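>>> What follows is a predicted structure for the sequence shown.
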Amino acid sequence: MQALSGVLHTIPSKTGGLSAYVTGQGSPLLLVHTVNASASAAEVRTVFERMGQHRTVYAIDLPGFGASERTDRLYTPRLMTDAILDLADYIHTRHPAQAIDALAASLSCEFLARAAVEQPLLFRTLSLVSPTGMSGLRLRQAPSGSTYGQGWLLAALKGPGWGRALFKGLTRPSVIRYFLNKTWGSRDIDETMFDYAVWTTQELGAEHAPLCFLSAQMFSADITTIYDQLRLPVWMSHGVRGDFVDYRGKARFATHANWQFTIFNSGALPYFEYADDFAEKMLTFMAQRTER
């Protein structure tokens, strides 16, 4: 079962088996899905479909999710950032004269921002949807590369053989629907995304990356510093419903000339609820000529 309707590509990567869906023609656009127990490229479907009418769109399955490798290993910001950079390098070989526009949602905004700081010439613009690291006013300026990961918690979650059972309990269809309702801030969720979420959690190795996520291995403790270092154009958008509505931290970037902001009357994934409006605003943002 495919998450998206495009062609599934295997991407050369130091992170192991890495996959991305490709559709459309034109300048390159890279999409990065969120991270949760049932994550996959299915979470960016509406952007993939609409932008495929204007761009060559690449939607990654991050390591541990979807069609990418799901082996039992430590899933960290470094691993996820390396996967994005490997896909960006692959895109560059196919579009050698063009920098990449890129979009990420929720926690993956941290990985994409880090990739753009490390390799700024690969990227042209960033669209950050409901980014983490913006809740409250506390600054996250720990030493470079540090995370909030708790090794003891990961060991406890995995346990001597009960990790898979725990994961299965967390990914029952009713539980997946419950968390999607909280993401949307309503019961009017995207049913196609729900169906794929249920399917993908039943695949071999599906528990490994989510258990790392639950033990905070993927949350960067230095993300404020990373966001501060972004020099390319950034469009941040978020909604006002559901569990993800605290973005007080964005005030730090309100005076940065390279940052723009849009608030949608939606949950955490506005491109599902306002697909056409979101696409129009994103195209307008990417069309701007901003000096770096």
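Happy to help now that I have it.

>>> List the buried residues in the longest helix seen in the chain.
Using DSSP state H, we find that the single longest helix of the chain is helix 77-94. Judged by neighbour count using 16 or more other Cβ atoms under 10 Å, the buried positions of helix 77-94 are 77-88, 90-92. Any C-beta I mention is one placed from the backbone N, CA and C, and that applies to glycine too.

>>> contacts for that helix?
Under the criterion Cβ atoms under 8 Å, 6 or more residues apart in numbering, residues 9, 11-15, 18, 20, 28, 30, 32, 35, 56, 58, 60, 62-63, 68, 73, 100, 102, 108, 110-112, 114-115, 118-119, 122-123, 145, 147, 218-220 lie in contact with helix 77-94.

>>> Just the buried ones from those?
9, 11, 13, 15, 18, 20, 28, 30, 32, 35, 56, 58, 60, 62-63, 68, 73, 100, 102, 108, 110-112, 114-115, 119, 122-123, 147, 218-220.

>>> Walk me through which strands the helix or strand where Ser127 lies pairs with, and which way each runs.
Under the criterion DSSP states H and E, the helix or strand holding Ser127 is strand 123-129. Sheet neighbours of strand 123-129, with direction, are listed as strand 100-105 (parallel), strand 234-238 (parallel) (DSSP bridges).

>>> Now do the next helix or strand after the longest one: which elements does it pack against?
Yep, that's strand 100-105 we're talking about. Elements were assigned by DSSP H and E; along the chain past strand 100-105, the next helix or strand is helix 108-118. Judged by 3 or more Cβ pairs under 8 Å, 6 or more residues apart in numbering; DSSP states H and E, helix 108-118 is in contact with strand 28-32, helix 77-94, strand 100-105, strand 123-129, helix 223-228.

>>> would you turn these into TSV with distance to Ser5?
Putting the helices and strands packed on helix 108-118 into TSV (distance: least, Cβ to Cβ, whole Å) gives the following:
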stretch	distance to Ser5
strand 28-32	14
helix 77-94	19
strand 100-105	18
strand 123-129	21
helix 223-228	33
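
>>> The protein: strands as residue ranges?
Per DSSP state E, the chain carries strands over the ranges 7-11, 18-23, 28-32, 56-61, 100-105, 123-129, 234-238, 259-263.

>>> Make a markdown table from those strands and add mean pLDDT and distance to Trp199 to it.
Shown next, in a markdown table, are these (pLDDT from 0 to 100; distance: least, Cβ to Cβ, whole Å):
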| stretch | mean pLDDT | distance to Trp199 |
| --- | --- | --- |
| strand 7-11 | 97 | 15 |
| strand 18-23 | 98 | 16 |
| strand 28-32 | 98 | 20 |
| strand 56-61 | 98 | 13 |
| strand 100-105 | 98 | 20 |
| strand 123-129 | 98 | 24 |
| strand 234-238 | 98 | 28 |
| strand 259-263 | 98 | 32 |
